[in-house]
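**Student:** Sequence first, predicted model second:
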Amino acid sequence: MNTKKIVVVGGGPSGIMAAIRAAQLNQDVTLIEKNSLLGTKLLLSGKGRCNLTNTSGPELFLARFSKNGQFLRDAFKIFFNLDLLKFFQERGLKLKSERQKRVFPVTDKSSSILSVLKKELIKNKVKIIYKTTLKDIFVQNRKIKGILSGHGTTILCERLILATGGVTYAFTGSSGEGLEISKRLGHKITGLKPGLVPFETRQKYPKNLKNLMLKNIQLKFSDGQRQIVSDIGELLFTDFGISGALVLSLSGRIVDWLDEDKQVCVEIDLKPALSKEQINGRLLREFNQDSRAKIKKVLKSMLPIAMISTFLEIAKIDSNKSVSQITQLERRNLVSLFKALRLDILRSRPIDQAMITRGGVSLKDVNPRTMESRLIKGLYFSGEMLDLDADTGGFNLQAAFSTGYLAGESASLN
């Protein structure tokens, strides 16, 4: 095998994996990172715990991607979740599987993942250049010749792997320069939208509940014509609206509705395991046990304490009212609120506050068997630069590792 000069731009999970794989195949690899350290965004993933993959089978896995998941079939055949687990376990990192088949390091620290990756870069003698941005790409006769760095330095190469990410969490380095340059080179960039993003609401009461996490609840989003019902899970109130796993998971489809100028609302089912009749019966039993009890005291067994005052305010019931004074209509209103606490969605948070970028380099311009550009020989893409996005649960990180691995291998062997 001829040794090639390969440059990888972007020190996130896909870029690091691409560099490692190319170096394993005895190539001359240089990894360029604009920050002073690698894996800045990786360290934030999974709330700092790094949900690096999911152990679901390939069909269920691909179904968690919003639209273009089938593009990943070839990459997953080469390097999938069990391969990724083996990669880390063989290097001494213990992993664990949690609910919904999400995989984390036993340490619960993203830094444990990054440490393994950095050691592997060193072991395979990858040259790393920090604090260096990508300014331009040199192409001659539709072939890669090298890059121009932000410092004005020319770096020649035969193969270039772009792993510069999307435009979310710009403070981590994902500011979109790779996408802009790719567009100048003739690649189509599909519309960039926020993915895994919280929402702002018309109602202001979420601010009073800031940082309150509701567990075992269910959401129903509606635009007046369509409905999306979530799984049972978690919702987080913020000072601007709502976030949490259920919200983030469905956010892509809701953003699309909002882009259609639809009026979107969400109803929170606080007791998805109970019917209205069952909730009503429980309230009646509680009321009959002590007719002099304050309604706010009775609700302590049914709601988080931090939520009771706001809940009663929405129901327009004095929190100091005794249960004997609660009218039949007020009780019915309470039951209805338990099953459908409504919020009107105004907009998503800005794209730079989203966890991932939806959209990117059009997959029509990329060979799924190699990750190579169909327009320029020797140019490869990986990770969040591609028009791929998935649900929460480790799916996006696996796609980053898989496309990076395949790009590194293809750049070495082709």
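**Tutor:** Structure's in. What do you need? Numbers count the residues shown, from 1 in each chain.

**Student:** Next, residue 236: secondary structure please.
**Tutor:** Three-state assignment for residue 236 (DSSP: H, G, I helix; E, B strand; the rest coil): strand.

**Student:** ugh, wrong one, I meant residue 36
**Tutor:** Secondary structure state of residue 36, per three-state DSSP, is coil.

**Student:** Would you mind listing the buried residues in the helix or strand that residue 155 is a member of?
**Tutor:** Applying DSSP states H and E as the criterion places residue 155 in strand 154-156. If you call a residue buried by 16 or more other Cβ atoms under 10 Å, then strand 154-156 has these buried ones: residue 155. For every residue, glycine as well, the C-beta is placed using N, CA and C.

**Student:** what domains does the record give for the protein?
**Tutor:** According to automatic domain parsing, the chain comprises the domains 5-194+352-413, 198-348.

**Student:** Let me know which of those domains is tucked in deepest.
**Tutor:** When these are scored by mean count of other Cβ atoms under 10 Å, the highest mean neighbour count falls to domain 5-194+352-413 (a mean of 20).

**Student:** Pull up the distance across that one, start to finish.
**Tutor:** Taking Cα to Cα, to the nearest Å, domain 5-194+352-413 runs 12 Å from one end to the other.

**Student:** Packing partners of the longest helix belonging to the chain?
**Tutor:** If you go by DSSP state H, the chain has its longest helix at helix 395-413. In terms of contacts (3 or more Cβ pairs under 8 Å, 6 or more residues apart in numbering; DSSP states H and E), helix 395-413 is packed against strand 5-9, helix 13-24, strand 53-54, helix 73-78, helix 81-89, strand 159-162, strand 379-381.

**Student:** got the domains of the chain as CSV, with mean pLDDT columns?
**Tutor:** Output for the domains of the chain, formatted as CSV (pLDDT from 0 to 100):
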stretch, mean pLDDT
domain 5-194+352-413, 95
domain 198-348, 96
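
**Student:** one step back: quick one, which of the helices and strands packed on helix 395-413 gets closest to residue 336.
**Tutor:** Nearest to residue 336 among the helices and strands packed on helix 395-413 is strand 53-54 (36.5 Å), distances taken as Cβ to Cβ.

**Student:** can you list contacts of that closest one?
**Tutor:** If you take Cβ atoms under 8 Å, 6 or more residues apart in numbering as the criterion, strand 53-54 is touched by 61, 64, 81, 84-85, 100-103, 393-395, 397-398, 401.

**Student:** wait, residue 283 sits on residue 333?
**Tutor:** No - assessed by Cβ atoms under 8 Å, residue 283 is found out of contact with residue 333, at 11.2 Å.

**Student:** just the helices in this protein please.
**Tutor:** Under DSSP H, the chain gives helices at 13-24, 40-44, 58-63, 73-78, 81-89, 110-123, 177-184, 205-208, 245-259, 276-289, 295-298, 305-315, 328-339, 395-413.

**Student:** can you put the ones you listed in JSON lines and add distance to residue 366?
**Tutor:** Listed next are those as JSON lines, based on distance: least, Cβ to Cβ, whole Å:
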{"stretch": "helix 13-24", "distance to residue 366": "13"}
{"stretch": "helix 40-44", "distance to residue 366": "22"}
{"stretch": "helix 58-63", "distance to residue 366": "17"}
{"stretch": "helix 73-78", "distance to residue 366": "11"}
{"stretch": "helix 81-89", "distance to residue 366": "21"}
{"stretch": "helix 110-123", "distance to residue 366": "24"}
{"stretch": "helix 177-184", "distance to residue 366": "10"}
{"stretch": "helix 205-208", "distance to residue 366": "40"}
{"stretch": "helix 245-259", "distance to residue 366": "21"}
{"stretch": "helix 276-289", "distance to residue 366": "51"}
{"stretch": "helix 295-298", "distance to residue 366": "58"}
{"stretch": "helix 305-315", "distance to residue 366": "47"}
{"stretch": "helix 328-339", "distance to residue 366": "46"}
{"stretch": "helix 395-413", "distance to residue 366": "9"}
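
**Student:** Which one of the ones you listed lies nearest to residue 34?
**Tutor:** Among those, helix 177-184 comes nearest to residue 34, with 8.6 Å by Cβ to Cβ.

**Student:** quick one, that closest one and strand 5-9 angle?
**Tutor:** Here helix 177-184 runs at an angle of 110 degrees relative to strand 5-9 (axes from the mean of the first three to the mean of the last three Cα atoms, to 10 degrees).

**Student:** Using PDB, list the CA coordinates for helix 177-184.
**Tutor:** The C-alpha trace of helix 177-184 is given here as PDB (Å, rounded to 0.1, in the frame of the first residue of the first chain):
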ATOM      1  CA  GLU A 177     -16.600  27.100   7.600                       C
ATOM      2  CA  GLY A 178     -16.400  23.600   6.200                       C
ATOM      3  CA  LEU A 179     -19.900  23.800   4.900                       C
ATOM      4  CA  GLU A 180     -19.200  27.200   3.300                       C
ATOM      5  CA  ILE A 181     -16.100  26.000   1.600                       C
ATOM      6  CA  SER A 182     -17.900  22.900   0.400                       C
ATOM      7  CA  LYS A 183     -20.600  25.000  -1.100                       C
ATOM      8  CA  ARG A 184     -18.000  27.100  -2.900                       C
END
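
**Student:** and stretch 94-101, how far apart are its ends?
**Tutor:** 16 Å.

**Student:** Give me the contacts around that stretch.
**Tutor:** For stretch 94-101, the surrounding residues in contact (Cβ under 8 Å, 6+ apart) are 52, 54-56, 85, 88-89, 103-107, 393.
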